[in-house]
Structure formats: C-alpha cells, structure tokens
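K.L.:
fold the following and give me the result.
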Amino acid sequence: MPNVLNLDHIRAEFPALQNDCAYLDNAGGSQVLRRVADRVRDYLLTSSVQLGASYAQSQDAGGKVLAARRAVAELINAPFDDEVVMGGSTTSLMFQVTQAIQLGIQPGDEIIVSNTDHEANIGGWMRLKAAGAVVKVWEVNPETLALDLADLDRLLSPLVRWVAVTHASNILGTINPVAEIARRVHAVGARLCVDAVAYAPHRLVDVQASGADMYVFSFYKVFGPHYAVLWVQRDLLVSLPSLNHYFIGADVLPYKLQPGNVNYELSYGCMGINDYLVAVGSQLGSTGTARQKMQCAFDAFEQHEDALAERLLAYLRSKKSVRIIGMDSAAQGGRVPTISFMVAGQMSESIVRHTDQFGIGIRFGDFYAKRLVESLGLHTQGGVVRMSIAHYNTFAEIDKLVLHLDEVIA
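P.N.:
Numbers count the residues shown, from 1 in each chain. Take a look at the predicted model:
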C-alpha cells in the first residue's frame with residue numbers, strides 16, 4: 001500500500017498554507033481545514049436555531065449536532081458517544097471536570113501530577129487542595145528528561161485517587177507509555193487523566209487503548225476550530241455530579257458537564273476532521289473502515305513528520321553550542337515532531353526574532369509548561385526555542401529554517 005503523502009493535495013486542503021509563511025508553530029495551533037470552515041459556515045447560514053423544538057429546522061439542527069458528537073466519538077474510538085464532553089478549550093474542560101471531582105474528594109486523598117505537563121492538566125488538580133487533597137508531583141528525570149515509571153511506583157499508594165499525565169510533552173516531544181501508566185495506576189485503585197493536546201495531531205487517538213479514565217485534547221491543534229473534547233469513561237461520568245442547572249440531573253449525559261450546551265457550529269465543523277482523514281486514507285489506498293482509513297492517514301503523517309524532524313534534529317546535533325531539550329533523534333520513534341532547543345550564551349528570543357524576518361513561524365518561551373521549564377532551569381534564557389512540525393510541512397520549509405538558524409547559531 002502506498003504511504004507517501006501527496007503534499008500538493010494535502011496543502012490544498014489548508015487555505016492558509018497558500019501564503020509564503022513556513023508554519024512551524026503547529027503545537028501552538030495547527031492550520032484549519034477548508035472542510036472544517038465550510039461546515040462551520042454551513043451551520044451558521046442554514047441551521048442557526050435553538051435545538052430541542054418540534055419544528056423541522058430545529059430537528060435538522062439537532063441532528064447535525066448529534067452527528068458531530070458521534071463523529072468525535074469515532075475519531076477517538078469512544079465506546080459510547082454520550083461519553084464525549086465538548087467545550088471551549090482543554091483548560092476550561094479540565095477546570096470543569098475537576099470542579100465536579102472536588103465534590104467527592106476527602107481530606108487526605110492523594111493526587112499525582114507530572115511536572116512535564118502543560119498547566120491545563122495541573123492547575124485544576126491543584127485546586128483540589130482546597131478540599132483537603134494532597135497533591136504530589138511526579139518529576140521528570142533531569143538527566144534523561146523522561147518520566148521514570150519507578151518514580152511513579154514510589155508515589156503510588158492506596159490513598160491515591162487520581163494521576164494526571166501528558167500523552168506527549170509539548171516541549172520535550174516525548175511520548176509517554178500511558179497504557180502502562182494506566183495499568184499501574186489502576187492496580188492501586190486510582191484513576192488516570194491523560195492530556196493529549198500535543199499527541200493528537202500526530203497519532204490517531206484511541207481512548208480505549210490508552211487505558212485512561214479521562215482523556216482530553218483541543219481540536220485547534222488537530223486541524224479544526226478553537227474547541228476541545230474531554231472523554232470520560234461512562235461509569236465514571238455517570239458517577240460525577242451535574243455542573244448544569246439544578247433540574248439537569250446527573251444521569252443526563254454528557255449535558256451535565258456542558259453548562260450552556262456545546263457550541264453548535266464548532267461541533268459541526270469538527271466533522272470535517274474525520275472527512276479529511278478518511279479522504280487521505282482512501283487516497284493512500286486504504287479500503288477498510290473509517291477508523292482504518294484514519295489510521296492509514298496517521299501512519300503516513302508519522303513517517304513524513306519523522307523524516308522532517310530528523311533533518312532538523314541532525315542539524316541541531318551538529319552544533320556544539322546547541323542543547324536539544326528532549327530526545328535528540330526521531331529515527332527510533334518515541335517522540336512527536338515538537339522540537340525544543342537552547343543555544344549556549346544566547347537568549348532564545350533573539351533567535352526567534354531573527355527568523356521572524358524570513359516568514360518563518362516559530363516561538364520561544366515556556367508554552368504554559370512553566371513548571372518543567374523552571375525545574376530544568378531553562379527560564380534563565382527566556383525559555384526554549386520551539387519548532388513544531390505538522391504533516392503538511394515540507395522539506396523546503398525545514399531547509400529554509402535551518403538556513404536562517406545557521407546565521408545566528410555558531
């Protein structure tokens with residue numbers, strides 16, 4: 001089966017790529033599919049009515065929103081579509097669900113967070129201290145820049161109720177073994193929450209295979225609108241209290257965790273992500289189910305992204321003044337193409353300001369993984385320089401970046 005992407009066809013799906021900018025800030029937000037924008041436009045211009053009425057237009061609009069929820073369930077391999085909670089962002093969804101969890105927290109209950117995570121999967125859990133929870137930190141190994149499972153084992157106890165960890169770090173790029181983490185967490189009777197914001201653009205999400213009890217990411221990192229999804233395992237979701245109006249019971253799924261309901265047009269727009277992935281899989285020769293076609297597409301994405309990342313990493317490895325923050329190769333797998341580095345004696349901002357002049361979109365800073373950046377002492381140079389690749393990027397764009405990086409890196 002052919003697995004080489006036709007980049008002309010791929011890039012034509014993203015209108016913003018028709019300008020001269022080399023978008024290499026994709027971990028901050030990917031470009032948006034025309035298919036997504038067309039669906040948002042279609043909904044707003046044909047179906048912008050309140051749901052739940054008996055007249056035909058309302059029924060049609062309700063059908064579109066329900067179809068969107070089912071499409072998201074298919075995208076993430078959720079067993080039931082009413083496990084799919086949608087909202088404005090990963091951060092807002094995590095604040096909402098931890099608010100619901102707080103009502104069941106007892107003094108002395110323990111929660112483990114990782115200091116490699118984006119603050120979205122830390123801040124809400126930290127607020128549970130107000131209910132008496134004890135929050136412990138699973139710290140990255142400063143030498144290997146990995147989360148050691150042995151360190152997790154030392155933190156786990158019968159008092160642990162939740163563990164929160166990222167599927168892939170938005171700075172290190174490392175993919176964590178969440179299924180094995182889930183096995184260890186469940187062995188002590190605790191639950192696992194996985195933030196997949198940095199993972200979902202690069203691998204096909206499978207919430208069931210992850211072993212997680214909750215799994216969250218943002219669509220605007222995965223070629224869609226500024227919107228997000230939180231999957232909650234059904235028995236757990238049923239057990240959580242309602243955050244909605246007093247007359248919305250705890251058995252009303254998933255509306256109980258969607259105060260004010262979902263954004264109709266953005267939900268409907270997300271269906272364009274599925275449409276695109278299935279189309280790419282079909283173009284690559286897959287004749288299986290929709291999920292199989294999506295997997296075919298992501299396999300091709302991974303192959304192309306790894307090749308791009310390795311070209312960039314090879315350049316960075318050649319510079320003695322450069323410190324790569326994370327795995328220094330993409331050849332062996334185990335990482336997504338989100339690449340961070342620092343240069344000895346240089347502020348990270350100066351490097352990015354230089355490449356800005358040439359129509360290259362990269363960034364510097366802590367990327368809301370402030371605890372990681374500070375624990376590793378990376379804040380002293382203004383954080384890291386981060387370049388994040390997507391499957392629609394080209395070798396020419398990487399070569400352009402390397403050319404201009406070489407002008408300021410000794």
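K.L.:
going by C-alpha atoms from here, please, whenever you check contacts or count neighbours.
P.N.:
Noted.
K.L.:
mind listing what R161 touches?
P.N.:
By CA atoms under 8 Å, 6 or more residues apart in numbering, R161 lies in contact with D109, E110, I111, G189, A190, R191.
K.L.:
mind listing which of the residues you listed are in strands?
P.N.:
The strands, defined by DSSP state E, take in E110, I111, R191 from the contacts of R161.
K.L.:
check D20 and give its pLDDT.
P.N.:
We have a pLDDT of 89 for D20.
K.L.:
now do the contacts for it.
P.N.:
G359 are the contacts of D20 under CA under 8 Å, 6+ apart.
K.L.:
from A396, how far off is it?
P.N.:
As for D20, its distance to A396 is 12 Å (criterion: CA to CA, to the nearest Å).
K.L.:
can you check R317 too?
P.N.:
Going from R317 to A396 by CA to CA gives 19 Å.
K.L.:
give me the more crowded residue out of the two.
P.N.:
R317 (14 against 11; other CA atoms under 10 Å).
K.L.:
which one among the contacts of R161 gets closest to I76?
P.N.:
Distance to I76, by CA to CA, is smallest for R191 among the contacts of R161, at 19.0 Å.
K.L.:
does the residue lying closest to that closest one once chain neighbours are set aside fall in a helix, a strand, or a coil region?
P.N.:
Among residues not flanking R191 along the chain, W162 sits closest, at 4.8 Å (CA to CA, 6 or more residues apart in numbering). Counting by DSSP: H, G, I helix; E, B strand; the rest coil, the backbone at W162 sits in strand.
K.L.:
hmm, D25 is touching F367, no?
P.N.:
No. Checked against CA atoms under 8 Å, the pair D25 and F367 is beyond contact range at 11.1 Å.
K.L.:
distance check, the residue lying farthest from the centre of the chain against A61.
P.N.:
Residue farthest from the centre of the chain, counting by CA atoms, centre = their mean, is Y55 at 38.2 Å. According to CA to CA, Y55 stands 10 Å off from A61.
K.L.:
what does S321 give?
P.N.:
Distance, S321 to A61, by CA to CA: 57 Å.
K.L.:
between the two, which has more neighbouring residues?
P.N.:
Per other CA under 10 Å, whichever of S321 and A61 has more neighbours is A61, with 23 against 15.
K.L.:
who's in contact with the strand or helix carrying that one?
P.N.:
In this assignment (DSSP states H and E), A61 forms part of helix 56-76. If you take CA under 8 Å, 6+ apart as the criterion, helix 56-76 is touched by 43, 47-53, 79-82, 84, 204-207, 264, 267-271, 274, 291.
K.L.:
give me the phi and psi angles of E143.
P.N.:
Dihedral pair for E143: phi -90, psi -50, per degrees, to the nearest 10.
K.L.:
T46 now?
P.N.:
According to degrees, to the nearest 10, T46 has phi -130, psi -20.
K.L.:
number of nearby residues for it?
P.N.:
If you count neighbours by other CA under 10 Å, T46 ends up with 11.
K.L.:
same question for G173.
P.N.:
23.
K.L.:
for it, give me its contacts.
P.N.:
A198, G326, M327, R335, V336, P337, T338, I339 are the contacts of G173 under CA under 8 Å, 6+ apart.
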